[in-house]
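> Whatever this is, show me its structure:
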Amino acid sequence: MSRAVVYQTFGGPEVLELRDVPEPHAGPGEVRVRVTVAGLNPMDGAIASNPELAALFGVSVPSGFGYDFAGVVDEAGVGVEGFAVGDRVFGGAMAKAAADFLVLNIPAAQPDELFHTPDGISDEVAATVPVAGLTAAAALEAIGPRPGETVLVGGAAGGVGVFAVQLAKLAGARVIGTASESTFDFLRELGAEPVAYGPGLADRVRAAAPDGVSAATDLFGTETAETALALGVPAERISTIAAGANPPGGVRATGGSEAGPAALGRITDALLAGKLTVPLAAVYPIEEIREAVTLQSGRHVHGKILVTM
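Numbers count the residues shown, from 1 in each chain. The predicted structure is shown next:
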């Protein structure tokens, strides 16, 4: 037997259970990964609590839980190419990452994905990259920040935000990040100039950037997108990731699946070079999955939350 986080009905963290399940094995064209770390994202809890959203991802109950993971290949089926037993790997496995073992087709079929973990990047860091890193990359690719420009990042202290801030800085942009005041020192350490979100945001951004804002990305709702429009930023230079398919004012909705093919390499190269860091807000053992998801669902996390097997 092995362990997996499962839920029988849709709901909040209280529906999540760590159960003994039959140990899966790799068949032809498949690999089995012994998971060491799962990275949490807001979408994990949202899928588990919202049947309509879950259906969009092909998830129904009963279901496993989680997407981001890192670990080691410990079985490879007949016909597998490119991966072998002993390879360190990371990636995404829809609604099954929080488990001792998971089995993936090779090549992985969307929305699942599997990559080799570069030497020098820990499993803990690798498990933060698939959703947050690629979503940040896509959000910035949609608006094309350039050296010397000022970019407004909404929700800058969250899991996607910490990547977006640093990637925009690496592109040579000045970054103004919206967040709660309790995160201001945290954001300054990442290279952002913080402003408080909420009523009056446009005035605060004008004060921080009297010469104007060139581009913006909204990583939480629509407040930043609407503020950027009010400040005269062209809609084509504003992106959103959590405003649905039809965000306000014709701004650009995007997500991690739209990141360019070179995005992952840019992120891992920056991590290896020490030019990008991943702040870890908390690390929980798998036995405390409910507590981890409760913290994540509060949406006031500074950085990423991990669950270890």
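> So the spatially most central residue of the chain: helix, strand or coil?
Geometric centre of the chain, nearest residue: residue 132, 2.0 Å, by CA atoms, centre = their mean. Look at residue 132: counting by DSSP: H, G, I helix; E, B strand; the rest coil, its state is helix.
> Which parts of the stretch 51-200 of the chain are strands?
In the stretch 51-200 of the chain, the segments counted as strands under DSSP state E, counting those that start in this stretch are 63-64, 68-76, 88-92, 101-105, 113-116, 150-154, 174-179, 193-196.
> need the contact list for the residue nearest to the centre of the chain.
By CB atoms under 8 Å, 6 or more residues apart in numbering, residue 132 lies in contact with 39, 41, 68, 159, 160, 162, 163, 304. Where C-beta positions appear, they are placed from N, C-alpha and C, glycine not excepted.
> For the stretch 51-200 of the chain, just list every one of the helices.
51-56, 123-126, 134-141, 159-170, 184-190 (DSSP state H, counting those that start in this stretch).
> in the stretch 201-309 of the chain, what spans have low per-residue confidence?
Regions of the stretch 201-309 of the chain meeting the criterion pLDDT under 70 cover residues 299.
> That one: helices as residue ranges?
In the stretch 201-309 of the chain, the helices defined using DSSP H, counting those that start in this stretch lie at 201-208, 223-230, 263-272, 289-297.
> Show me what the first one is packed up against.
It stands for helix 201-208. The helices and strands touching helix 201-208, judged by 3 or more CB pairs under 8 Å, 6 or more residues apart in numbering; DSSP states H and E, are strand 174-179, strand 193-196, helix 223-230.
> can you list contacts of that helix?
Counting by CB under 8 Å, 6+ apart, 152, 176, 178, 193, 195, 196, 213, 223, 224, 227, 230, 231 sit against helix 201-208.
> go with 10 Å
Applying CB atoms under 10 Å, 6 or more residues apart in numbering, the external contacts of helix 201-208 come out as 150, 152, 154, 174, 176, 178, 193-198, 212-213, 216, 223-224, 226-231.
> one step back: want to throw the helices of the stretch 201-309 of the chain into TSV with distance to residue 101 and mean neighbour count?
Formatted as TSV, the helices of the stretch 201-309 of the chain follow (distance: least, CB to CB, whole Å; neighbours: other CB atoms under 10 Å):
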stretch	distance to residue 101	mean neighbour count
helix 201-208	46	16
helix 223-230	40	23
helix 263-272	24	18
helix 289-297	16	20
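> Thanks a lot, see you next time.
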